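>>> with the sequence up front, the predicted model follows.
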Amino acid sequence: MIASQKVFLVDDEPALLRALSRLLRAEGFEVTTFSSATSFLETYDPNTPACVVLDVTMPEMTGIELQQHLIHSSSNLAIVFLTANGDIPMSVRAIKSGAIDFLTKPVKDSELIGAIRIGIKKTEENQSQQNETQSLKDRLKLLTNREKEVFIHVVTGEPNKLIASALGITEQTIKVHRGRVMHKMGAESLAQLVRIAERLALLESNS
Amino acid sequence: MVAAASLTLAAIHGLVWFRQRSALASLMFCLMATSTAGMAACELWMMSVQSPHEYDKALQCFNVLRWLITLSMVGFVHYYLGTGRKWLALSVCGLRTVGLFLNFTLTPNIYYSSISELRQIRFLGQSVTIVEGTPNPLMFVGQFSLILLAVYLVDATARGYKAGVRRSLVVGTSMLVFVMALSIQTFFVLWQSMDTPIIASLFFVGIVATMGLELSNDMVRAAILANNLQNREYELHRERQLTDAIFESAPGMLYLHSRDGQIVRWNSQYEKNTGYSSEEAKSMKAEELFRPEDLPKLNRSWDRAFSKGSVELEVDLIRKDRTSVRHFFTMVRVEVRGKPHLVGIGIDLSSQRALAIETAHRNEEMAQLAQMASMSELSSSLAHELNQPLAIILSNAQAAQRLLSHESPDMRELREILDDIVSADIRAADVIKKLRTILSRGEPALEEVEPVDLFEKALALAQTDLESANVVITKKIANNLPIFHADRIPVEQVILNLIKNACDAMEDNDPSSRHLHLSCKQDTGFLQFSVQDNGCGLPEDPDRIFDAFHSTKPSGLGLGLAISRTIIRAHGGQLWAEPAEKRGAIFHFNIPLDSFNS
C-alpha cells in the first residue's frame, strides 16, 4: 500500500463528514474534510494526487460547479460524487466531465472505497505520466536547434538523404545529429523516438 | 267701539303673555289695552252723568284707569324698547301715583276745586254732558307727569334709535304724538274750558293701536323665526341621522366626550368593545375605561388633544368584566355647543393582531405549499430529508465494523460513532413525523369553494410544466355549478397532482399531440371533477396505482395518488381512474355537496 492515499471530503452535513471520514480512515486513507466547496478551493493543493468526494447539493457552490472549477484550473484530482437525490441527466453530465463515479446516499462502503481507489489510481497514473512528460521536456531542452530540426524530420519517417537535401547539409552530418538526438532523448530505437515525439506533441505543434 | 277693539287686542296679548310668561311687554300691552277699554267706558259714563256727584265718581274711576295706563305704557316702553332711563320712568309713575292719591284726598277731585254746573252740549252729533267748574291748581301734578312721560318717551326713542333699534322710532314717535295731542286736548278742556268732553281714551287707543301693530309685527317675525327654526331643526335631524350612520359604520368604537371625560355619544361598537350597556355608558366617564396607572399618560394625551387638536395613543382598555384589551385610540378636538369635546375612534388591536397573525400563518402555509408545488416534489424532498440521516447511519455503522476488525479498536471513537448514529436516527424519525403532520392536517378546514376556481389555481401552479411540455388544455365546466364546502388547498393539490401525472404520462407523446382535458359536472348530490390525458394509459390493474409506494416513475416515491385518495376520502368522496376511450387515462374524483353544507 502506498503511504499516503489522500481523500478530500466536501459536504455541508457535518455528521456525514464525520461518518465518512471515520470509515475512510479505518480503511487507511488520509482524510481531510471541508464543509463547503469554497473552503475546499481555498486550501487544497492541486499537485498532490488525491480523490475528492463531493456532495452535489450544497449551498453557495454545488459539487457540479466545483467540478467545472477544477477542470478549468487543470488540476489532477479524481472526483467521486455523492448525492441524496441526483437524477440521471445530472449524473451523465458529471461522468462526461470526467467524474470517476456518481454514487447515491446512503452509500455502501465497498462502492465508495472502490470508487476512491480507482480515482486515486487514476490520479497517480496521471501523475507519473505527467512526470515522464516533464522529464522528456527537460531532455528536449538539451537539443540544439539543428538537432531539433533533424529530430522532427526523422520522426516523420524521412530517409537521411532527403533530410540532408532539405536542410542543405551532408548525409554524414545528419547521421551524427541523429545519433545525438537518440542519445539525448534516451531512445533506443526509432520507434521509441517516434513515441516520445508523440508524447511531447511535437508533430502537431511543429511550426 | 274703542273698548271692543282694545279688549280684543288685550285678549290676544294677554294670551301671549299667559303662554309665555317672559313676554312682559305683552302683559303691559294687555294691561294698557284693558285699561283703555275701561277708560273709554268711563268717559262714556262721564258724558252721560246726571249730577256733579256722579261725575265726581266717574272722574275718580277715570283717574284710576289713567294711572294704570300710564304705568303700563311706561312698563311697555321699558320692556319693549328697553332703552328708557329708569329714573325717568319711576318719576313718571311716581307723579302719576301722587296725582291718583291727590285725586282721592281732594274734594271733589284733582281736576276741579269746585264743579259749578253740568251742561249738555252736542258733540259729534251726540248729546253729551260736560261740567263747568274751577280748575284745581294741583292738577299740574298730572300734567307734569304727562310732560315727564313725553320726555321719557323722547329719551327712550332717541337712545333706541341711536342704538340702532329702528322700531323704537316708530313706537316712540307715534306714542309721543298721541301723548302730546292728549296733553294739549286736556289742557284746553281743563284750563280753557273748551266745550268738549274728556276723550283721553281716543288718544290712548291710538297708542294701543301703534303698540298693537308693533307687537303684531313682532309676532309675525317670531312666526318666521319659528318656521326657520323648524326647518333648521329638520336639517339638524337629518344631520344627526347622517352622523349616526357615520358613527355606526366606523370600524371601531367611536366616542365623543366632554373636557371632564363625560361620554356624550358613542356607537354600538363602543358597547361591544367595552362591555357596558347603553344605559351604563350614559353615566360613564372616559377615565373609568382605563387602569389607574395608565391615567397620568391618558391625562397628558387628553391635555395635548385639547391644546393641539389631535392625538393618537395605544393603551389597554379595561372592559366591564375587568379583562384588558389593547386598543389604538385617536382623539380630535371638536366644539360641541360651544364647549370643547374630544371625538375619536378606538380600534381593538387584539383582533387586528389576530387577523395579522392569521394572515401571516396563511401566507406561510401557502408559501410552504408553493415551495412543494406538488406531491412529487414533496416526495423528492422527502427522499433527500430521509437519505441524509440514513447515509450518516450507514457510513458510521460500516466505519464501526471496520474499526472493530482492528486489533485494538479505539473505544472512544466507537462511542462517538454510536452517538452520531442515534442522533441521525432521531432526525429521520422527525422527518417522518413532520411528513405525517403535513399529510394529515386533522379535520379538513372547510371553506366555500368555487369549482372553477379549483381548476384555475391548479393550472396556475402547473403552468410551467404545461407550457414546457406544450400541452393543449381544454375545459368543460357545466354551467351554474354550486359553490361547495371543501378544504381548498389540499383539494387544489389533488388536482395539481393529477395534472402533473397526466403531463408525465404524455411525456412520450409527440409534442404536438399532448392533450389535457379538465371537466366538472354536478351529479346527484356530488360534484365530479375529471382530468383526462392522451398519454401512456393505465396498467392492467388500475387500482394498484393508488397504493402507497407504487410508482411507475424512476424518481417518484409513489405517494402522490395515495395521498390524493386520502384527501378526497376525508371529504367524503372517491378518487378513481379509468382508461380513456381512445388513448390515455381519466382520473375522476367526486365530493358530496350536502354532507358539509348542513
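Perfect, thanks for sending it.

>>> show me which residues of chain B sit near chain A.
Within chain B, the positions near chain A by CB under 8 Å from any CB of the partner chain are B:380, B:383-384, B:387-388, B:390-396, B:398-400, B:402-403, B:406, B:413, B:416-417, B:420, B:423-424, B:554-555. For every residue, glycine as well, the C-beta is placed using N, CA and C.

>>> and for the nearest residue to residue B:160 once chain neighbours are set aside, the neighbour number?
In this structure, residue B:160 finds its nearest non-sequential neighbour in residue B:168, 2.7 Å apart by CB to CB, 6 or more residues apart in numbering or on different chains. Counted with other CB atoms under 10 Å in any protein chain shown, residues neighbouring residue B:168 total 25.

>>> list the helices and strands the helix or strand harbouring residue B:168 packs on?
Taking DSSP states H and E as the definition, one finds residue B:168 inside helix B:166-191. Other elements packing on helix B:166-191 under the criterion 3 or more CB pairs under 8 Å, 6 or more residues apart in numbering or on different chains; DSSP states H and E are helix B:52-80, helix B:140-162, helix B:200-249.

>>> can I get those helices in JSON lines with mean neighbour count?
Formatted as JSON lines, the helices and strands packed on helix B:166-191 follow (neighbours: other CB atoms under 10 Å in any protein chain shown):
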{"stretch": "helix B:52-80", "mean neighbour count": "21"}
{"stretch": "helix B:140-162", "mean neighbour count": "20"}
{"stretch": "helix B:200-249", "mean neighbour count": "15"}
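
>>> which one of those helices lies nearest to residue A:77?
Nearest to residue A:77 among those is helix B:200-249; the distance by CB to CB comes to 74.0 Å.

>>> so which of the helices and strands packed on helix B:166-191 is nearest residue B:255?
Closest to residue B:255 of the helices and strands packed on helix B:166-191, according to CB to CB: helix B:200-249, at 9.2 Å.

>>> list the residues that contact residue B:57.
By CB atoms under 8 Å, 6 or more residues apart in numbering or on different chains, the contact list for residue B:57 is empty.

>>> now the nearest residue to residue B:210 once chain neighbours are set aside: how far from residue B:80?
Nearest residue to residue B:210 in three dimensions, chain neighbours excluded: residue B:174, at 4.1 Å (CB to CB, 6+ apart). To residue B:80, residue B:174 is 13 Å away according to CB to CB, to the nearest Å.

>>> so does whichever strand or helix holds residue A:89 get close to chain B?
Following DSSP H and E, the helix or strand that holds residue A:89 is helix A:88-96. Yes. Counting by CB under 8 Å from any CB, chain B has neighbours in helix A:88-96: residue A:88.

>>> separation between the residue nearest to the spatial centre of chain A and residue A:78?
Centroid check for chain A by CA atoms, centre = their mean gives residue A:126 as the closest residue, at 3.5 Å. To residue A:78, residue A:126 is 9 Å away according to CB to CB.

>>> residue B:337 too?
From residue B:337 to residue A:78 the distance is 94 Å (CB to CB).

>>> neighbour count: the two, which is higher?
The neighbour comparison of residue B:337 against residue A:78 (other CB under 10 Å) goes to residue A:78, with 25 against 7.

>>> the more buried one: what secondary structure?
Assigned by DSSP: H, G, I helix; E, B strand; the rest coil, the conformation of residue A:78 is strand.

>>> so for it, what's the nearest residue that isn't a sequence neighbour?
Per CB to CB, 6+ apart, closest to residue A:78 is residue A:119, 2.9 Å.

>>> and the one you found, that one's in a helix?
Yes. If the criterion is three-state DSSP, then residue A:119 is within a helix.

>>> that one contacts residue A:100, correct?
Yes. Assessed by CB atoms under 8 Å, residue A:119 is found in contact with residue A:100 at 4.3 Å.

>>> which neighbours do these two share?
Jointly contacting residue A:119 and residue A:100 under the rule CB under 8 Å, 6+ apart are A:51, A:78-80.

>>> just the buried ones from these, in PyMOL syntax?
Selection command for PyMOL covering only the buried members of the shared contacts of residue A:119 and residue A:100, criterion 16 or more other CB atoms under 10 Å in any protein chain shown:
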select buried, chain A and resi 51+78+79+80
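
>>> same list (the shared contacts of residue A:119 and residue A:100) but as CSV, adding pLDDT and distance to residue A:160.
Shown next, in CSV, are the shared contacts of residue A:119 and residue A:100 (pLDDT from 0 to 100; distance: CB to CB, whole Å):
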residue, pLDDT, distance to residue A:160
A:51, 91, 49
A:78, 90, 46
A:79, 92, 49
A:80, 93, 52
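
>>> hang on, the earlier thing: isn't the residue nearest to the centre of chain A up against residue A:48?
No. Assessed by CB under 8 Å, residue A:126 is found out of contact with residue A:48, at 11.8 Å.

>>> picking that back up, and the residue nearest to the centre of chain A, what does it touch?
Contacts here follow CB under 8 Å, 6+ apart; on that basis residue A:126 touches A:49, A:76.

>>> ok, it to chain B distance?
28 Å (CB to the nearest CB, to the nearest Å).

>>> could you point out the helix or strand that follows the helix or strand containing that residue?
Using DSSP H and E, the element containing residue A:126 is helix A:109-140. Beyond helix A:109-140 in the direction of the C-terminus, DSSP H and E gives the next helix or strand as helix A:145-155.

>>> tell me the buried residues in that next one?
Those would be A:147-155, for helix A:145-155 by 16+ other CB under 10 Å.

>>> tally of neighbours for residue 130?
Here I'm looking at chain A. Neighbour count for residue A:130, taken as other CB under 10 Å: 13.

>>> if you could check chain B rather than the one you did, that'd help
21.

>>> name the helix or strand for it, please.
Secondary structure assignment for residue B:130, by DSSP H and E: strand B:126-135.

>>> if you count neighbours, what's buried in that strand?
Applying 16+ other CB under 10 Å to strand B:126-135 flags B:128-131, B:133, B:135 as buried.

>>> so how far is it from its chain's centroid?
Relative to its parent chain, strand B:126-135 has a centroid offset of 78 Å by CA atoms, centre = their mean, to the nearest Å.
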